[in-house]
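Peer 1: next come a sequence and a model predicted from it.
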Amino acid sequence: MPTFPERTALFRQLHADNLLLLANAWDAGTARLFESLGASASATTSAGLAWAQGYPDGDRLPVSRLFESIATITRVLHTPLTVDIEGGYSDEPDTVADTVLQLVRQGVSGINLEDGGDDPGLLCAKIARIRERCRDAGVDVFINARTDVYLRRLAPAGVDSVRETLQRAGRYRQAGTDGLFVPGVVEESEIAAIAEAAGLPLNILWRASLPDRGRLRQLGVRRLSAGSFLAESAAGHLRHHAQAFLGEGPGLSVDPRAMTYGELNALFASV
């Protein structure tokens, strides 16, 4: 089994010249399941992880619960893990750096850290402090800076959104980020422009309207995330079956897609 530093080195390599697919998990069970399906790296969804712990998304998850959850996930994985920590659960760069350093010591290879609606300077300060603290501690972490220019419509659509995204990318790169996450961008010309000029591996969020994966590779995308989609889909299926069971109708029916007890149990027999 690779050591945690070896996993981080591998995680960096996975951004080099291919398209890294991240099926974002929300607990140890889903992380182990996705890994068993051939995922070369694992990732969390901040939304799904918060919901699984009984909290809303949006920096509302207590950091202690984050650490507890990640400890259960790293225990079952053999692949690199990157963790979505939203805005770092604090506006204080030192506090965010403390959180990241603790995650690295738990075996985490990468993080997502977002600017949200804040001044980009705050994310720059967080990135720089994380980089400094990890360097002083002799550890490494892949920092993926997420900008919400598209998600929050922080600039007019089209050229202005690309320009604002690239301006932020330049600042985040100078601060020490390793990757750029631009959720919400779907137009080919805009994806290509950002990938070419950002100077960072480009991560985008899955949307049904995106080009196929081959085309995304051609456009320069290096990482595609499922985000909270799989958690939302799973919750929808559970709601459907639970309503059938709890309601007045015929109740549950056979689900041809359900995994068997034996299949699920086997996932963890060798952990």
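Peer 2: Received it, and whenever you're ready, just let me know what you need.
Peer 1: low-confidence regions, the stretch 101-250 of the chain specifically.
Peer 2: Nowhere does the stretch 101-250 of the chain drop to pLDDT under 70.
Peer 1: what ranges do the helices span in it?
Peer 2: 120-137, 159-175, 188-197, 213-219, 229-246 (DSSP state H, counting those that start in this stretch).
Peer 1: to residue 207, which of those lies closest?
Peer 2: Proximity to residue 207 (C-beta to C-beta) singles out helix 229-246 among these, at 9.1 Å. Where you see a C-beta, it was placed from the backbone N, CA and C, and this is true even at glycine.
Peer 1: could I get the buried residue list for the closest one?
Peer 2: 229, 230, 231 (16 or more other C-beta atoms under 10 Å).
Peer 1: show residues contacting it.
Peer 2: 23-26, 30, 45, 47-48, 51-52, 206, 250-253, 255 (C-beta atoms under 8 Å, 6 or more residues apart in numbering).
Peer 1: contacts only, for residue 20.
Peer 2: Taking C-beta under 8 Å, 6+ apart as the test, what residue 20 contacts is 14, 40, 41, 222, 223, 224.
Peer 1: actually residue 270, not the one I typed
Peer 2: Residue 270 neighbours (C-beta under 8 Å, 6+ apart): none.
Peer 1: okay, it: pLDDT?
Peer 2: In the prediction, the pLDDT value recorded for residue 270 is 81.
Peer 1: separation between it and residue 4?
Peer 2: Applying C-beta to C-beta, to the nearest Å, the value for residue 270 to residue 4 is 19 Å.
Peer 1: residue 61 too?
Peer 2: Counting by C-beta to C-beta, the gap from residue 61 to residue 4 is 23 Å.
Peer 1: more neighbours: the two, which one.
Peer 2: Neighbours per residue, other C-beta atoms under 10 Å: of residue 61 and residue 4, the larger number sits with residue 61, 23 against 18.
Peer 1: confirm for me that the more buried one is in contact with residue 55.
Peer 2: Yes - at 4.8 Å, residue 61 counts as touching residue 55 under the criterion of C-beta atoms under 8 Å.
Peer 1: rewinding a little: nearest to residue 114, of the contacts of residue 20?
Peer 2: Among the contacts of residue 20, and counting by C-beta to C-beta, the member closest to residue 114 is residue 223, at 15.0 Å.
Peer 1: can you spell out which residues form a bridge with that closest one?
Peer 2: Beta-bridge partners for residue 223, by DSSP bridges, are residue 20, residue 203.
Peer 1: that one: neighbour count?
Peer 2: 24.
Peer 1: please report the distance of it from residue 195.
Peer 2: Distance from residue 223 to residue 195, by C-beta to C-beta: 11 Å.
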